[in-house]
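**Q** Please find the sequence and the predicted model below.
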Amino acid sequence: MKIFRILPLTLALTLLCANAVAKPTAEIDMIVPNLSLNQRIAEQIVDLVGEDSGIRINLVPRPEHAESTLDAIEKGYADIGITLNNAQYREGISTVMPLYPSVLQVMADADRPAGSLREFLADAVIYAGPKESLSRLLTEQLITDFEYADVDVRFAESFDDKPNVIIVYAPIDRERLIREPFLEGMKLFTFGDPADIGLGTAVDRAVLLNPRLRPFVIPVGTFGDLTPEPVLTVAVDTLLVSRSDMDSTVIYDLYREMLRLRPALFSVRPELFQPIDDDIAHSNLAFSLHPGALAYIKRDEPTLIERYSGVGEVVVALTVALVSASVALVKIYRLRRKNRLDKFLVQVIDIRNSVTPQSSDDDRAAAIAEIRALQDFGFEQLVDEKLAADESFRIFIELTNDTIEYLQRAGA
């Protein structure tokens, strides 16, 4: 009988010791991205990573002798980085997850002939970044893909060469484009009518020749006077990548933490948001999905021995097995509730983007009513415990309130 009195005490002491043991923290070095918007996103990621996540991310500059982010990662100067999903396959690089789309944005004087891309590029002086930059290489590839090599095109090495066409492959940076003074009097070139997607247009051809591209529509008014009409263009995913030989447990924790950070990352720039689901494993990625990311998608959590390999607390950590089943259920339940919030965020963003400076007061009022209805539905889900009253829900409420305020201000 004594054993039954000793066993609970032993279990309690073991659990107490387990709580006292700190989870090993993995240091992850991330290459500072080239684009300023990507840099700001990277800095946000570093600031938002939770103390109990099991990881710590440090930003490191790219070595001068490394030609690209991928080179620096392959040579061991860093563990992770941000790149586009159109690079050549490298065995030493793996995909962690897609982050947001990078969009082809072609700008020129508003009065430049734009009946076709060939006419638009005729006698153009194009600025697409430095000679070896990704935007420049992609622009040259674009001209080749559309077989416009016979068009008289000259590349400008800087704005001192007075370019009349500007081409960038970058994430949507709405605030910056709206306030740039040198873009006054310019507009974005559209590759056709959005309604023609799938009807064999030039964009369909570009996507066929490069399946990692996808059609992308920038709604009217998104960039103010730069977008007097809807703009049809192409986009490619911006990826978070890592060394292929990184420990799967570390990437598993990184993937989980990035999912937790998404509402906070995109609350400031909701136009960058794109949903992520389990189909990522079947996406057309430039680099193989890291086994740690695949393990999270399949909910194949690393065993305790794998996670704590080489650490003296393995025996104490075995007590976690007593509650692992309930923890797994809670994680799945929380993930389902977070996915519902992701859908709400997408709806709010779509409603906001549907309202343009040319929209009527009735359209704005209808948009505000839709958002308030979403808020009401969200609170109903909260009462029914289908959503959690956590940070993600707070971000949803702040986004809806800010959007309502923005629409009311625009109407005034």
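**A** The structure has been received and is ready for your questions. Numbers count the residues shown, from 1 in each chain.
**Q** From here on, just use CA atoms for contacts and neighbour counts.
**A** Will do.
**Q** so how far is Ile73 from the nearest residue to Ala72 once chain neighbours are set aside?
**A** By the measure of CA to CA, 6 or more residues apart in numbering, the closest residue to Ala72 outside its immediate chain neighbours is Ala66, 5.5 Å from it. For Ala66, the distance to Ile73 equals 9 Å [CA to CA, to the nearest Å].
**Q** and these two? which has more neighbours close in?
**A** Of the pair Ala66 and Ile73, Ile73 is the one with more neighbours under other CA atoms under 10 Å, namely 24 against 14.
**Q** for Ile167, helix, strand, or coil?
**A** Under the three-state scheme (DSSP: H, G, I helix; E, B strand; the rest coil), Ile167 adopts strand.
**Q** that older thread, looking at this, the residue nearest to Ala72 is in a helix?
**A** No. Ala66 sits outside any helix when classified using three-state DSSP, being coil.
**Q** per-residue confidence at it?
**A** Reported pLDDT at Ala66 in the predicted model: 73.
**Q** What of the one 4 residues further on?
**A** For Leu70, the pLDDT comes out at 91.
**Q** Using CSV, write out the CA atom coordinates for the one helix or strand it maps to.
**A** For Leu70, the enclosing helix or strand under DSSP states H and E is helix 69-74. Coordinates of the C-alpha atoms in helix 69-74 are reproduced here as CSV (Å, rounded to 0.1, in the frame of the first residue of the first chain):
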residue,chain,number,x,y,z
THR,A,69,21.3,34.9,-50.0
LEU,A,70,21.3,31.3,-51.2
ASP,A,71,25.0,31.3,-51.6
ALA,A,72,25.5,32.6,-48.1
ILE,A,73,23.2,30.0,-46.7
GLU,A,74,24.8,27.1,-48.6
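**Q** And that helix, what does it pack against?
**A** In terms of contact count using 3 or more CA pairs under 8 Å, 6 or more residues apart in numbering; DSSP states H and E, helix 69-74 is assigned the packing partners strand 26-31, strand 80-84, strand 93-109, strand 231-243.
**Q** I'd like the mean pLDDT over the helix or strand following the longest one, please.
**A** Past strand 93-109, further along toward the C-terminus, the next helix or strand under DSSP H and E is helix 117-121. When pLDDT is averaged along helix 117-121, the result is 78.
**Q** continuing past helix 117-121, what's the next helix or strand?
**A** Downstream of helix 117-121, the first helix or strand assigned by DSSP H and E is strand 124-127.
**Q** Need the contact partners of that next one.
**A** Residues from elsewhere that reach strand 124-127 (CA atoms under 8 Å, 6 or more residues apart in numbering): 152-159, 162-167.
**Q** between those residues, which is nearest His282?
**A** Distance to His282 across the contacts of strand 124-127 (CA to CA) is lowest for Ile167, with 30.8 Å.
**Q** thought Ile82 was touching Arg243?
**A** No. The pair Ile82 / Arg243 is not scored as a contact, 12.0 Å apart, by CA atoms under 8 Å.
**Q** Quickly list the domain ranges of this structure.
**A** 24-95+241-310, 102-237, 324-411 (automatic domain parsing).
**Q** For Lys162, see how far away the nearest residue in space to Ala156 that is not next to it in sequence is.
**A** Excluding the flanking residues, the one nearest Ala156 by CA to CA, 6+ apart is Tyr127, at 4.9 Å. Noted for Tyr127: a distance of 9 Å to Lys162, by CA to CA.
**Q** Those two: who's more crowded?
**A** Tyr127 (25 against 12).
**Q** Quick check: beta-bridge partners of the more buried one?
**A** Under DSSP bridges, the beta-bridge partners of Tyr127 are Ile166.
**Q** Specify the local secondary structure of Gly192.
**A** The local conformation at Gly192, judged by three-state DSSP, is coil.
**Q** I'd say it and Leu232 touch.
**A** Yes. Checked against CA under 8 Å, the pair Gly192 and Leu232 is within contact range at 5.8 Å.
**Q** And the two? Which one has more around it.
**A** Here Gly192 and Leu232 are compared on neighbour count by other CA under 10 Å; more neighbours surround Leu232, at 23 against 18.
**Q** Can you name the residues that contact the more buried one?
**A** Shown here is Leu232, whose contacts under the criterion CA under 8 Å, 6+ apart are 190-194, 215-218.
**Q** my guess is Gly292 meets Arg243, correct?
**A** No. Look at Gly292 against Arg243 with CA under 8 Å: they stay out of range, at 11.6 Å.
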